[in-house]
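**Q** fold the following and give me the result.
(2 chains)
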Amino acid sequence: MHEWALAEAVVLTAEKVAKEQGLGAIQGITIKLGQLQQIEKNILKFAIREIIQHQRSLFKKAKIRFQNEKAVFKCRNCGRKWNFANAGKLNFKESEAIHFVPEVAHVFMSCPQCKSPDFEIIKGRGIWVDSIVGEKEGPDGSENKCH
Amino acid sequence: MDPRINVINKRLAGVKKIIAVSGGKGGIGKSTFSAVLALTLSKAGYKVGLMDLDFWGPSGHVLLGAQGISPVEDKGIVPPQINGVKFMSIIYYTEDKTLALRRAGFDQAAIELLAVTQWGALDYLIMDMPPGVGDVTLDVIRFMEKVKFCIITTHSKVVMETVKKTLNILKQLKIPIFGVVQNMKEKNLSVEMQIKRLHVPFWGKIDFDAELEGAIGDPKKLLETKFSKNVNKLIHKDSRNHI
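**A** Next up is the predicted model:
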C-alpha cells in the first residue's frame, strides 16, 4: 500500500490549505493522476477516505475527484514527442519500479526514435492536487466558497 | 500543488537527529563516512537509518554489501536493514543500472523517496548527499527542519576551496553545521586551523586507511577498520554536544 503514503500527503495538503485559507469545511479535492506512476485510483481513494474519517468536521462534505493525465515525453536529443502507449513494453518489475519512483523511467525507457534516455516527462508524471474547494466562514457566520 | 512536500516532515517525525553528510567534491569519502558512521552508531546501540541521496553515483549499497534485499510496502516503503542499519537507496528501483537524470528529475526522485519512506523511530538518520550544493541539498535544507550538516574534506587545496564555498552557502542559509571532518589525513597535514578560521566547528580527523578497500562490501569488516575506529572516536568526542 504505497498509495497510503501518497493519500496522507493529499490529506495533509488539504489540511494545510484549509488552515492557510481559513476554511471551516472542505467540499472537494481534485487530484490529478499522471499515467506514468500508475497509481491505483481505488486504493488511493480508499486510503484518503480512511484517513479523513478521523477529521470528520473538516472533511464531512468532501468529495474526492480524480483526473487522469496521459503521460507525454519529449526527447532532449532529437526532439521527438511520444506518449506512454508508444513507450515500448515494460515488464512487471520495471513497471513496479516506475510506480515507486517515476524518474527511473530513464533507466527502462528511451526515445523511440534515437534511443536516448535523456528525455523530458512533459506531463503525466505522478500525483498532483489540482484544487481544493472549501467553505470560508465570514465574520457574520456566512459561508463563502473558496478555491 | 505537489502534495508530497507536505508529508516529508511527518515521515521524519520519529527521527531524533538528521545528519546530512556533504562536501564540495566527489571522491572525498562522503559515502564511506556515511556508511561507517551509520554502522558505528548502530553498533553503539542506536537506531540508525542511512539514505543514499547521491543518485548519480549511489555507492552505499556497495559499501554495505546490500544484495538480494529490497524494501517492503507498508503504508509507504519500509527500508530493509543491514547490520541493524535501515538502508534506503534508489538502486532498489534501478536494478543497479545507470540512471541518466537531469537536475529536475533528480529533485523529483528525492522528493518521492523522502515522501514515501517510512523510517519509524530512529535516533539518527544519516543522509549521504551528492557533491556540492545542488537541488537535492537545497531541498533537504528546505524540507527537513531537524537537519544538521557534516562536511567532509581532505587537506587538498582543491577540495578545501570547494568546501569553503559549501560552508559559506550553509552559513548564509543559517543551516546548522554539525562539524567538518578531515578525511584521508596523512602525516601532519591538518586543515583544523583553516576550518576554525571560518568559524565552523571542526569535528575531527580520520587517518588515511590503506586497508579500507578490502573491507568494502562487508559491514563487519568495515567496523574493524582503522577508519571505523577513527569514526568511533569522533562519536565519543562529541557525545557531550551532539552525538
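**Q** against B:Thr32, how distant is the residue nearest the centre of chain B?
**A** For chain B, B:Asp128 is the residue whose C-alpha lies nearest the centre (C-alpha atoms, centre = their mean; 2.7 Å). For B:Asp128, the distance to B:Thr32 equals 9 Å [C-beta to C-beta, to the nearest Å]. All C-beta atoms are positioned from the backbone trio N, CA, C, and that covers glycine.
**Q** next: A:Asn86.
**A** 43 Å.
**Q** cool, and B:Trp203?
**A** 16 Å.
**Q** so between those two, which is more surrounded?
**A** Neighbours were counted for B:Trp203 and for B:Thr32 using other C-beta atoms under 10 Å in any protein chain shown; B:Thr32 has more, 27 against 24.
**Q** for that one, report the pLDDT, please.
**A** We have a pLDDT of 96 for B:Thr32.
**Q** and A:Lys16, by the same measure?
**A** So, for A:Lys16, pLDDT stands at 95.
**Q** equivalent analysis for B:Gly134, please.
**A** pLDDT, B:Gly134: 74.
**Q** go on, A:Gln27?
**A** For A:Gln27, pLDDT reads 94.
**Q** what's the burial count for it?
**A** 16.
**Q** quickly find the element holding it.
**A** strand A:23-34 (DSSP states H and E).
**Q** likewise for A:Val11?
**A** A:Val11 belongs to helix A:2-21, assigned by DSSP H and E.
**Q** can you give the distance of that helix from its chain's centre?
**A** From the chain centre to the centre of helix A:2-21 is a distance of 11 Å (C-alpha atoms, centre = their mean, to the nearest Å).
**Q** buried set for it?
**A** For helix A:2-21, the buried set under the neighbour-count rule, 16 or more other C-beta atoms under 10 Å in any protein chain shown, comprises A:2-15, A:17-18.
**Q** keep only those that also lie close to chain B.
**A** A:2, A:4-6, A:8-10, A:12-13, A:17 (C-beta under 8 Å from any C-beta of the partner chain).
**Q** tell me which two of the residues you listed sit farthest apart.
**A** Using C-beta to C-beta, these span at most 23.7 Å, a distance reached by A:His2 and A:Val17.
**Q** any weak-confidence spans in chain A?
**A** For chain A, applying pLDDT under 70 flags the ranges A:1, A:137-147.
**Q** now the helices: where do they sit in it?
**A** Assigned by DSSP state H, the helices in chain A fall at A:2-21, A:41-52, A:56-59, A:92-100, A:105-108.
**Q** with adjacent residues omitted, what lies nearest to residue 61?
**A** You didn't pick a chain, so chain A it is. A:Gln27 (5.2 Å; C-beta to C-beta, 6 or more residues apart in numbering or on different chains).
**Q** wrong one, chain B
**A** Nearest to B:His61 is B:Ile91, by C-beta to C-beta, 6+ apart, at 5.0 Å.
**Q** can you check B:Lys17 too?
**A** Using C-beta to C-beta, 6+ apart, the closest residue to B:Lys17 is B:Tyr124 (5.2 Å).
**Q** in stretch A:36-49, what counts as buried?
**A** For stretch A:36-49, by 16+ other C-beta under 10 Å, it's A:36-39, A:44-45, A:47-48.
**Q** equivalent analysis for stretch A:55-64, please.
**A** Buried, per 16+ other C-beta under 10 Å, within stretch A:55-64: A:58-59, A:62, A:64.
**Q** try stretch B:81-94
**A** For stretch B:81-94, by 16+ other C-beta under 10 Å, it's B:82-83, B:85-94.
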